[in-house]
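J.: from the sequence below, what's the structure:
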Amino acid sequence: MYAISLGDDGAELCPLEPWQAEEFLAHLDRGREFIGQHNGLPDVVTDLESSRAFLQAYADKAAADAGRLYGIRTDGRLVGAVLLRKMDVEQGTAEAGCWLEPSAVGRGLVTRAVRAVIDWAVEERGVHRVEWWVSVGNEPSIAVARRLGMTRDGVLRESYLYRGKRHDEEIWSVLAPQWRAGRPAS
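T.: Here you go, the predicted structure:
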(Lines give C-alpha, C1' and ligand atoms only; values in the text may rest on other atoms or scores of the structure.)
Protein backbone atom coordinates (compact mmCIF):
# COMPACT_ATOMS: atom_id res chain seq x y z
CA MET A 1 0.00 0.00 0.00
CA TYR A 2 1.19 3.51 -0.65
CA ALA A 3 0.60 6.72 1.26
CA ILE A 4 1.09 10.37 0.37
CA SER A 5 2.33 12.63 3.15
CA LEU A 6 0.04 15.56 3.89
CA GLY A 7 2.67 17.45 5.85
CA ASP A 8 5.00 17.29 8.85
CA ASP A 9 2.27 16.33 11.33
CA GLY A 10 2.13 12.61 10.46
CA ALA A 11 -1.00 12.95 8.31
CA GLU A 12 -1.23 10.75 5.21
CA LEU A 13 -3.57 10.12 2.33
CA CYS A 14 -3.98 6.51 1.18
CA PRO A 15 -6.49 4.37 -0.74
CA LEU A 16 -9.36 2.71 1.09
CA GLU A 17 -10.09 -0.82 -0.07
CA PRO A 18 -12.72 -3.49 0.70
CA TRP A 19 -10.36 -5.48 2.94
CA GLN A 20 -10.36 -2.45 5.30
CA ALA A 21 -14.13 -2.63 5.90
CA GLU A 22 -13.82 -3.30 9.63
CA GLU A 23 -11.52 -0.32 10.19
CA PHE A 24 -13.73 1.86 7.98
CA LEU A 25 -16.84 0.93 9.98
CA ALA A 26 -15.04 1.67 13.28
CA HIS A 27 -14.03 5.09 11.92
CA LEU A 28 -17.63 5.86 10.92
CA ASP A 29 -18.91 4.68 14.29
CA ARG A 30 -16.54 7.12 16.04
CA GLY A 31 -17.91 10.01 13.99
CA ARG A 32 -21.38 8.81 13.00
CA GLU A 33 -23.41 11.67 14.51
CA PHE A 34 -20.93 14.38 13.53
CA ILE A 35 -20.43 13.12 9.96
CA GLY A 36 -24.18 12.63 9.55
CA GLN A 37 -24.96 16.31 10.08
CA HIS A 38 -24.45 16.95 6.35
CA ASN A 39 -23.41 13.62 4.85
CA GLY A 40 -25.66 10.61 4.26
CA LEU A 41 -22.83 8.08 4.54
CA PRO A 42 -23.63 7.08 8.15
CA ASP A 43 -27.12 6.11 6.99
CA VAL A 44 -25.63 3.90 4.25
CA VAL A 45 -22.75 2.25 6.10
CA THR A 46 -24.31 0.70 9.20
CA ASP A 47 -22.63 -2.70 9.56
CA LEU A 48 -19.69 -4.70 8.25
CA GLU A 49 -21.54 -5.88 5.13
CA SER A 50 -22.56 -2.35 4.09
CA SER A 51 -19.06 -1.07 4.90
CA ARG A 52 -17.53 -3.68 2.61
CA ALA A 53 -20.12 -2.95 -0.11
CA PHE A 54 -19.38 0.80 0.03
CA LEU A 55 -15.64 0.22 -0.25
CA GLN A 56 -16.18 -2.30 -3.05
CA ALA A 57 -18.30 0.23 -4.97
CA TYR A 58 -15.36 2.65 -4.87
CA ALA A 59 -12.90 -0.10 -5.83
CA ASP A 60 -15.14 -0.73 -8.85
CA LYS A 61 -15.24 3.01 -9.64
CA ALA A 62 -11.44 3.17 -9.43
CA ALA A 63 -11.16 0.18 -11.79
CA ALA A 64 -13.50 1.93 -14.23
CA ASP A 65 -11.65 5.26 -13.81
CA ALA A 66 -14.93 6.79 -12.63
CA GLY A 67 -14.13 7.76 -9.03
CA ARG A 68 -11.70 7.33 -6.14
CA LEU A 69 -11.78 7.05 -2.35
CA TYR A 70 -8.84 7.91 -0.10
CA GLY A 71 -8.50 7.69 3.65
CA ILE A 72 -6.96 10.42 5.76
CA ARG A 73 -4.79 8.97 8.50
CA THR A 74 -3.07 10.63 11.39
CA ASP A 75 -0.41 8.55 13.14
CA GLY A 76 -1.75 5.51 11.28
CA ARG A 77 -5.37 5.94 12.43
CA LEU A 78 -8.16 6.47 9.91
CA VAL A 79 -9.83 9.80 10.78
CA GLY A 80 -11.54 10.86 7.55
CA ALA A 81 -11.69 10.55 3.81
CA VAL A 82 -11.75 12.46 0.57
CA LEU A 83 -13.22 11.17 -2.62
CA LEU A 84 -13.90 11.82 -6.21
CA ARG A 85 -17.56 10.84 -5.98
CA LYS A 86 -17.92 11.08 -9.74
CA MET A 87 -15.27 11.36 -12.40
CA ASP A 88 -15.79 11.49 -16.15
CA VAL A 89 -12.38 11.63 -17.79
CA GLU A 90 -13.87 11.89 -21.29
CA GLN A 91 -15.84 15.01 -20.29
CA GLY A 92 -13.03 16.23 -18.04
CA THR A 93 -15.21 16.61 -14.94
CA ALA A 94 -15.11 15.35 -11.37
CA GLU A 95 -16.90 15.96 -8.10
CA ALA A 96 -14.83 15.97 -4.91
CA GLY A 97 -16.11 15.45 -1.38
CA CYS A 98 -14.94 14.73 2.15
CA TRP A 99 -15.70 13.95 5.77
CA LEU A 100 -13.82 13.82 9.07
CA GLU A 101 -14.50 12.41 12.48
CA PRO A 102 -14.59 15.07 15.25
CA SER A 103 -11.10 14.31 16.61
CA ALA A 104 -9.54 15.45 13.31
CA VAL A 105 -11.39 18.73 12.75
CA GLY A 106 -9.58 22.05 12.60
CA ARG A 107 -6.15 20.85 11.48
CA GLY A 108 -6.37 21.55 7.75
CA LEU A 109 -6.45 17.85 6.89
CA VAL A 110 -9.31 18.06 4.39
CA THR A 111 -7.87 21.06 2.57
CA ARG A 112 -4.49 19.36 2.22
CA ALA A 113 -6.03 16.03 1.19
CA VAL A 114 -8.41 17.52 -1.37
CA ARG A 115 -5.56 19.58 -2.78
CA ALA A 116 -3.60 16.36 -3.42
CA VAL A 117 -6.62 14.68 -5.04
CA ILE A 118 -7.36 17.67 -7.28
CA ASP A 119 -3.70 17.84 -8.31
CA TRP A 120 -3.88 14.19 -9.32
CA ALA A 121 -7.19 14.59 -11.18
CA VAL A 122 -6.01 17.65 -13.10
CA GLU A 123 -2.41 16.65 -13.81
CA GLU A 124 -2.65 12.87 -14.15
CA ARG A 125 -6.17 12.32 -15.48
CA GLY A 126 -6.66 15.55 -17.43
CA VAL A 127 -9.76 16.68 -15.54
CA HIS A 128 -10.71 20.23 -16.51
CA ARG A 129 -13.42 21.01 -13.94
CA VAL A 130 -13.63 19.81 -10.33
CA GLU A 131 -16.88 20.49 -8.51
CA TRP A 132 -17.66 20.68 -4.79
CA TRP A 133 -21.35 20.22 -3.86
CA VAL A 134 -22.22 21.33 -0.34
CA SER A 135 -25.28 21.99 1.80
CA VAL A 136 -25.62 25.74 2.40
CA GLY A 137 -25.53 25.05 6.14
CA ASN A 138 -22.17 23.28 6.03
CA GLU A 139 -19.89 26.24 6.73
CA PRO A 140 -16.71 24.19 7.31
CA SER A 141 -17.07 22.54 3.89
CA ILE A 142 -17.77 25.90 2.23
CA ALA A 143 -14.61 27.23 3.89
CA VAL A 144 -12.64 24.37 2.31
CA ALA A 145 -13.96 25.33 -1.13
CA ARG A 146 -12.84 28.92 -0.52
CA ARG A 147 -9.38 27.86 0.71
CA LEU A 148 -8.97 25.74 -2.42
CA GLY A 149 -9.65 28.78 -4.60
CA MET A 150 -12.96 27.48 -5.92
CA THR A 151 -15.65 29.74 -7.34
CA ARG A 152 -19.24 29.57 -6.13
CA ASP A 153 -21.23 28.78 -9.26
CA GLY A 154 -24.67 28.95 -7.71
CA VAL A 155 -27.30 27.46 -5.44
CA LEU A 156 -29.70 24.65 -6.26
CA ARG A 157 -32.72 25.52 -4.13
CA GLU A 158 -34.24 22.65 -2.15
CA SER A 159 -32.51 20.17 -4.44
CA TYR A 160 -31.38 17.66 -1.84
CA LEU A 161 -33.76 15.62 0.30
CA TYR A 162 -31.89 14.58 3.43
CA ARG A 163 -33.48 12.93 6.43
CA GLY A 164 -36.92 14.16 5.46
CA LYS A 165 -36.00 17.80 4.86
CA ARG A 166 -35.18 19.61 1.61
CA HIS A 167 -31.84 21.43 1.59
CA ASP A 168 -30.31 24.01 -0.70
CA GLU A 169 -26.96 23.00 -2.18
CA GLU A 170 -24.16 25.28 -3.30
CA ILE A 171 -22.00 24.23 -6.22
CA TRP A 172 -18.40 25.40 -6.19
CA SER A 173 -15.83 24.60 -8.83
CA VAL A 174 -12.30 25.13 -9.99
CA LEU A 175 -11.08 24.86 -13.58
CA ALA A 176 -7.71 23.36 -14.45
CA PRO A 177 -6.14 26.68 -15.60
CA GLN A 178 -7.27 28.40 -12.37
CA TRP A 179 -6.00 25.47 -10.32
CA ARG A 180 -2.57 25.55 -11.93
CA ALA A 181 -2.32 29.33 -11.61
CA GLY A 182 -3.30 29.25 -7.93
CA ARG A 183 -0.87 26.57 -6.78
CA PRO A 184 2.14 27.66 -4.76
CA ALA A 185 5.42 27.43 -6.66
CA SER A 186 7.42 24.29 -5.82
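
J.: can you get me a residue count around residue 153?
T.: Counted by other Cβ atoms under 10 Å, the residues lying close to residue 153 total 13. Just so you know, the C-beta spots here come from the backbone N, C-alpha and C atoms, and that holds for glycine as well.

J.: does residue 17 touch residue 57 like I think?
T.: No. Residue 17 is beyond contact range of residue 57, at 11.7 Å (criterion: Cβ atoms under 8 Å).

J.: nearest spatial neighbour of residue 37, skipping sequence neighbours?
T.: In space, and not counting its chain neighbours, residue 37 is closest to residue 138: 7.6 Å by Cβ to Cβ, 6 or more residues apart in numbering.

J.: look up phi and psi at that neighbour.
T.: The phi/psi pair for residue 138 (degrees, to the nearest 10) reads phi -90, psi 70.

J.: residues in contact with residue 4?
T.: Contact analysis of residue 4 by Cβ atoms under 8 Å, 6 or more residues apart in numbering lists 12, 13, 14, 116.

J.: am I right that the third one sits in a strand?
T.: Yes. Per DSSP: H, G, I helix; E, B strand; the rest coil, residue 14 lies within a strand segment.

J.: correct me, but residue 7 touches residue 112?
T.: Yes. Between residue 7 and residue 112 there is a contact under Cβ under 8 Å: 6.1 Å.

J.: any stretches of this protein with poor pLDDT?
T.: For the chain, applying pLDDT under 70 flags the ranges 1, 184-186.

J.: quick one: the strands in it, in order.
T.: Assigned by DSSP state E, the chain shows strands spanning 4-5, 11-15, 68-74, 77-88, 93-100, 129-135, 151-162, 165-175.

J.: using JSON lines, please lay out those together with distance to residue 28.
T.: Below are the strands of the chain laid out as JSON lines (distance: least, Cβ to Cβ, whole Å):
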{"stretch": "strand 4-5", "distance to residue 28": "22"}
{"stretch": "strand 11-15", "distance to residue 28": "17"}
{"stretch": "strand 68-74", "distance to residue 28": "12"}
{"stretch": "strand 77-88", "distance to residue 28": "9"}
{"stretch": "strand 93-100", "distance to residue 28": "9"}
{"stretch": "strand 129-135", "distance to residue 28": "19"}
{"stretch": "strand 151-162", "distance to residue 28": "17"}
{"stretch": "strand 165-175", "distance to residue 28": "21"}
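
J.: closest to residue 30 out of those?
T.: With Cβ to Cβ, the closest approach to residue 30 among the strands of the chain belongs to strand 77-88: 8.4 Å.

J.: relative to strand 93-100, how tilted is that closest one?
T.: 160 degrees (axes from the mean of the first three to the mean of the last three Cα atoms, to 10 degrees).

J.: what residues are up against the closest residue to residue 161 other than its chain neighbours?
T.: Leaving aside its sequence neighbours, residue 161 sits nearest to residue 167 (Cβ to Cβ, 6+ apart; 7.7 Å). Contacts for residue 167 (Cβ under 8 Å, 6+ apart) come out as 135, 136, 137, 158, 159, 160, 161.

J.: understood, closing this out.
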